[in-house]
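[1] Quick one, fold the following:
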Amino acid sequence: MIPPVPSNPRARAGFSARGVLTAIAVLALLLAAVVAFLVPVVAKTGNVGDLVQNLRLLQGEATQLATGGPVQMDAMNINSGYSLATASALTDNLAEDTTYYLSADLTLVTAPPSSPYLTRSSTVAAGSPQTVASQQLSWESGQTVSYLYSADTGKVTIQVG
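    As a prediction, this is how the structure comes out:
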């Protein structure tokens, strides 16, 4: 025997008014969180276009780096630290130059860590520098990573070595 088909087309598709309202509420909260993060960033940089372009570059680089070996893994970790340093500098509204250091657990600190992140590969041995956060970098195995935020330019420069 074939079961009867519900007369409500939304019920057949698995939608309910409560489910739709919940989905809308979740999307509204996500949008509010994104806006709450971007408002101080845009206020600091003053240019939404630059912010969007930088976010797209980081997204593209992260996708590209995720498909490689040890050199790309180092590049991904360095890129992750760069993102953290940039976000920290913008949200802390820094008025002076600041150096951030990448720890072994991939967190950032403002003083040289007792357990720093050390690169596990060599771009020199691989014969090709890596582009990380739009910066050309080369490194040897066992080098530390730091990030210098310039208050004058509002930019973060990656330093390996």
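[2] which ones are touching Ser138?
    Going by Cβ atoms under 8 Å, 6 or more residues apart in numbering, Ser138 touches 123-124, 129-130, 160. (C-beta placed from N, C-alpha, C; glycine too.)
[3] 7 Å instead, please
    123-124, 129 (Cβ atoms under 7 Å, 6 or more residues apart in numbering).
[4] do Ala151 as well
    94-97.
[5] out of those, who has the most neighbours?
    Leu94 (15 neighbours; other Cβ atoms under 10 Å).
[6] ok, that one - contacts?
    Leu94 makes contacts with 149, 151, as judged by Cβ under 7 Å, 6+ apart.
[7] got a pLDDT number for it?
    Looking at Leu94, its pLDDT is 81.
[8] Low-confidence stretches in the chain?
    Low-confidence segments of the chain, defined by pLDDT under 70: 1-68.
[9] Could you pull out the strands in it for me?
    Secondary structure of the chain (DSSP state E): strands at 98-102, 108-109, 130-132, 135-137, 145-150, 155-160.
[10] Would you point out the most distant pair within the contacts of Ala151?
    Spatial extent of these (Cβ to Cβ) is set by the pair Ala95 and Asp97 at 9.5 Å.
[11] Please name the nearest non-neighbouring residue to Leu84.
    Distance criterion Cβ to Cβ, 6 or more residues apart in numbering; nearest residue to Leu84, sequence neighbours excluded, is Leu108 at 5.0 Å.
[12] Quick check, the one you found in contact with Ser83.
    No - contact criterion Cβ atoms under 7 Å: Leu108 and Ser83 do not qualify, at 10.0 Å.
[13] Of these two, give the one with the bigger neighbour count.
    Leu108 (21 against 17).
[14] out of the contacts of Ser138, who's nearest Pro116?
    Nearest to Pro116, judged by Cβ to Cβ, of the contacts of Ser138 is Thr123 at 18.4 Å.
[15] got a list of what the closest one touches?
    Contacts of Thr123 by Cβ under 7 Å, 6+ apart are 71, 129-130, 138-139.
[16] how far away is it from Thr107?
    24 Å (Cβ to Cβ, to the nearest Å).
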